[in-house]
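>>> below is the sequence, then the predicted model.
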Amino acid sequence: MNIAVVGTGYVGLVTGTCLAEMGNHVVCIDIDKNKVQKMRNGIIPIYEPHLDNLFERNIKQGRLEFSTDIQDAVDHANVFFLALPTPPGEDGSADLKYILGVADDLGKRIKEYTIFIDKSTVPVGTADRVHKAIESNYKGEFDVVSNPEFLREGFAVDDFMKPDRVVIGTESERARAVLDELFKPFVRQGNPILFMDERSAEMTKYAANSFLATKITFMNEIANLCEKVGADVDAVRIGIGSDTRIGNRFLFPGIGYGGSCFPKDVKALVKTAQEIGSDIQILDAVMRVNEEQKTVLAPAILQYFGGDLKGKRIALWGLAFKPDTDDIREAPSLYMIEKLLEKGASIRAYDPEAMSNVQEQIGSKIEYASDPYDALNNADALVICTEWSVFRTPDFDDVIKRLKKSVIFDGRNLYSPDKMERLGFYYKSIGRKTITR
């Protein structure tokens, strides 16, 4: 099948590459000339495990191409995936100017039946608006479909190639037949392709992400309560996660969620509800609690140092909002850094992938280490913000040797409190006993 993907951000590039891997011929369109040239040369612009191999293979085999000219896509394909940015406005609503602008442009160019697929996360009713934008310029036959993505950063290739489900919003039998053929190779293991109306598909994406954000936030609230009543959140997590009605995923407490999806999507769903005179009170609480959770360790750090961080050197492990990505959007680490700097601390940080992005955003406000142990040299404490695998089993003898004192504030509960006690650490984590030595 000949396919065009408009937008080569995270979603667009994964979508285009994975569709090409299944034998389709895909043209990806982006207005950034430098980015397009780099991709033509085989340079992938994002970090996502396993994507590079598929990317290189499909370029070499001629199934994946890149262009800055949208007319190239029109000449090539009659199936368009719109994977354009929908940044939140000041009021939290999704900004649709990029999607609607491209839809208007495409409506002036197409000459035959075309399927336009909204892949970006968009508010309920966006398919109708895209349809109107195209229809204002093109009077022939076309369909607008909602096909929300459910890609986890760090696992996006697996999620696309072997999805739990494929959600397709369309009431057109013609579009349904085309998309059923396109996606069947991805669900050979028996997972469903779920067809529904466009608005229900759009709502499904927001509802799914908002539910997961709520689950994470609920567990963080329980963790904070566990500390106050003397319970162990690890035991509680296992106890409730074994209930099949609840499940054991997204129950690990920490310093809050970040990234490009959960914060933006929760805000957008709240805004959608407000616009029709409704109110989703639980999501208002989720947003408030998550903001507070990002710096929940800061008071404990300040208290440990007697209320004064001036002259204190903090080692920080993890800058990305989650492991296996270089994405720092709404990363809890950035909130923690701001809070510690505000209190007078200096920071030396390490992350396997995200340091260049942080440096681009905040510059020389902090130092950047060459490896995890380099960050520890002469530091008064270690703060852990991201659960990268490389941090899970460090050489604790080396850690002790490099730190001024054996002090760890763990925002991701990587280590056993009992082990930290045996090793002689002061160890503060989330929802568990604090080891004070």
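On my side now, so go ahead.

>>> correct me if wrong, but residue 258 is in a helix.
No - with DSSP: H, G, I helix; E, B strand; the rest coil as the criterion, residue 258 is located in coil rather than a helix.

>>> so which bits of the strand or helix carrying residue 374 are buried?
Element membership of residue 374, judged by DSSP states H and E, is helix 372-376. With burial defined by 16 or more other Cβ atoms under 10 Å, the residues of helix 372-376 counted as buried are 372, 373, 375, 376. Any C-beta I mention is one placed from the backbone N, CA and C, and that applies to glycine too.

>>> try stretch 394-409
394, 396, 399, 402, 403, 406, 407, 408, 409.

>>> in the stretch 1-150 of the chain, where is pLDDT below threshold?
In the prediction, the stretch 1-150 of the chain carries no residues with pLDDT under 70.

>>> quick one: the helices in it?
10-21, 33-40, 51-60, 70-76, 97-107, 126-135 (DSSP state H, counting those that start in this stretch).

>>> who does the third one touch, helix- and strand-wise?
Contacts defined by 3 or more Cβ pairs under 8 Å, 6 or more residues apart in numbering; DSSP states H and E place helix 51-60 against helix 10-21, strand 64-67, helix 156-161.

>>> residues in contact with that helix?
Helix 51-60 has contacts (Cβ atoms under 8 Å, 6 or more residues apart in numbering) with 13-14, 17-18, 20-21, 26, 39-40, 42, 44, 64-65, 156-157.

>>> can you tell me how far the closest residue to residue 395 other than its chain neighbours sits from residue 121?
Once flanking residues are discounted, residue 395 sits nearest to residue 373: 7.7 Å by Cβ to Cβ, 6 or more residues apart in numbering. With distances taken as Cβ to Cβ, to the nearest Å, residue 373 is found 39 Å from residue 121.

>>> also residue 252?
Residue 252 is 24 Å from residue 121, by Cβ to Cβ.

>>> same check on residue 107?
With distances taken as Cβ to Cβ, residue 107 is found 22 Å from residue 121.

>>> how far does stretch 40-49 stretch from start to finish?
With Cα to Cα, to the nearest Å as the measure, the first residue of stretch 40-49 is 20 Å from its last.

>>> again, but for stretch 192-201
Taking Cα to Cα as the criterion, the two ends of stretch 192-201 lie 14 Å apart.

>>> quick one: contacts of it?
124-125, 127-128, 144-148, 165-171, 176, 179-180, 183-184, 187, 204.

>>> how about it: buried residues?
Buried, per 16+ other Cβ under 10 Å, within stretch 192-201: 193, 195, 196, 198, 199, 201.

>>> farthest pair within those residues?
Longest distance between any two of those is 18.3 Å, between 193 and 199; criterion Cβ to Cβ.

>>> now the residue lying closest to residue 377 once chain neighbours are set aside, what are its backbone angles?
In space, and not counting its chain neighbours, residue 377 is closest to residue 402: 5.2 Å by Cβ to Cβ, 6+ apart. Taking degrees, to the nearest 10, you get phi -90, psi -30 for the backbone angles of residue 402.

>>> that older thread, point out the most buried one among the helices of the stretch 1-150 of the chain.
Of all the helices of the stretch 1-150 of the chain, helix 10-21 has the most neighbours on average by mean count of other Cβ atoms under 10 Å, namely a mean of 25.

>>> verify the stated contact: residue 185 with residue 19.
No - applying Cβ atoms under 8 Å, one finds residue 185 not in contact with residue 19, separated by 9.9 Å.

>>> pull up the overlap in contacts between those two.
Shared contacts of residue 185 and residue 19 (Cβ under 8 Å, 6+ apart): none.

>>> relative to residue 307, how far out is the residue nearest to residue 395?
Taken as Cβ to Cβ, the span from residue 373 to residue 307 is 29 Å.

>>> now residue 408
On the measure of Cβ to Cβ, residue 408 and residue 307 end up 20 Å apart.

>>> show me which residues of the longest helix along the chain are buried.
The helix that spans the most residues within the chain, counting by DSSP state H, is helix 198-229. Neighbour counts over helix 198-229 (16+ other Cβ under 10 Å) mark 198-199, 201-206, 209-210, 212-224, 226-227 as buried.

>>> I'd like the next helix or strand past it.
Sequence-wise, the next helix or strand downstream of helix 198-229 (DSSP H and E) is helix 233-241.

>>> may I see the buried residues of that following helix?
233, 234, 236, 237, 240, 241.

>>> need these in CSV with pLDDT and distance to residue 259, can you?
As requested, those are arranged in CSV below (pLDDT from 0 to 100; distance: Cβ to Cβ, whole Å):
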residue, pLDDT, distance to residue 259
233, 98, 22
234, 97, 24
236, 98, 25
237, 97, 21
240, 97, 24
241, 97, 22
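
>>> save the helices of the stretch 1-150 of the chain as TSV, and put in distance to residue 267 too.
As requested, the helices of the stretch 1-150 of the chain are arranged in TSV below (distance: least, Cβ to Cβ, whole Å):
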stretch	distance to residue 267
helix 10-21	18
helix 33-40	27
helix 51-60	28
helix 70-76	30
helix 97-107	17
helix 126-135	16
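
>>> between the ones you listed, which one is closest to residue 300.
helix 10-21 (33.9 Å).

>>> alpha carbons only: can I get the closest one in PDB?
Below are the C-alpha coordinates for helix 10-21, written out as PDB (Å, rounded to 0.1, in the frame of the first residue of the first chain):
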ATOM      1  CA  TYR A  10       7.900  10.700  17.700                       C
ATOM      2  CA  VAL A  11       4.600   9.300  16.600                       C
ATOM      3  CA  GLY A  12       5.000  10.000  12.900                       C
ATOM      4  CA  LEU A  13       8.500   8.500  12.600                       C
ATOM      5  CA  VAL A  14       7.500   5.300  14.500                       C
ATOM      6  CA  THR A  15       4.300   5.000  12.400                       C
ATOM      7  CA  GLY A  16       6.000   5.500   9.100                       C
ATOM      8  CA  THR A  17       8.900   3.200   9.900                       C
ATOM      9  CA  CYS A  18       6.700   0.300  11.200                       C
ATOM     10  CA  LEU A  19       4.300   0.600   8.300                       C
ATOM     11  CA  ALA A  20       7.300   0.300   5.900                       C
ATOM     12  CA  GLU A  21       8.600  -2.700   7.800                       C
END
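
>>> list the contacts of that helix.
3, 5-6, 8, 26, 28, 30, 44-46, 48, 51, 54-55, 57-58, 63-64, 81, 83-84, 119-120, 149, 151, 153, 156-157, 160-161, 182, 260, 327.

>>> of the residues you listed, buried ones?
Buried among the contacts of helix 10-21 by 16+ other Cβ under 10 Å: 3, 5-6, 8, 26, 28, 30, 44-46, 48, 51, 54-55, 58, 63-64, 81, 83-84, 119-120, 149, 151, 153, 156-157, 160, 182, 260, 327.
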